[in-house]
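> Make a model of this:
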Amino acid sequence: MPTKVTQIEERLAHLEKEVRDLKAELRHQRVPWYEQIAGTFENDPVFDEIVRLGAAIRKADRNGRR
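Down below sits the predicted model:
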């Protein structure tokens with residue numbers, strides 16, 4: 001039966017491999033993530049409302065009303 005330390009070492013080794021794999025995948029990505037999602041919310045009325053409300057909140061903060 002594996003000890004707790006052995007189990008932790010195995011889990012840590014697995015996580016380290018996962019991190020290495022993710023880093024390698026990110027290094028080989030040709031298009032940055034922010035360019036991949038550009039335009040996703042184009043012509044989206046819900047997103048437009050979010051932007052409008054955010055601007056209103058920032059304006060109110062500048063005017064000391066919040």
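> mind checking how far the residue nearest to residue 41 when sequence neighbours are not counted is from residue 60?
Residue nearest to residue 41 in three dimensions, not counting chain neighbours: residue 47, with 3.8 Å by C-beta to C-beta, 6 or more residues apart in numbering. For the C-beta atoms, the positions are set from N, CA and C on the backbone; glycine is no exception. Between residue 47 and residue 60 the computed distance is 20 Å (C-beta to C-beta, to the nearest Å).
> and what of residue 20?
Noted for residue 20: a distance of 46 Å to residue 60, by C-beta to C-beta.
> again, but for residue 16
From residue 16 to residue 60 the distance is 47 Å (C-beta to C-beta).
> repeat for residue 48
In terms of C-beta to C-beta, residue 48 sits 19 Å off from residue 60.
> how's the protein carved up into domains?
Per the record, the chain has its domains at 1-30, 40-66, by automatic domain parsing.
> Dump these into JSON lines; add mean neighbour count as well.
Shown next, in JSON lines, are these (neighbours: other C-beta atoms under 10 Å):
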{"stretch": "domain 1-30", "mean neighbour count": "9"}
{"stretch": "domain 40-66", "mean neighbour count": "10"}
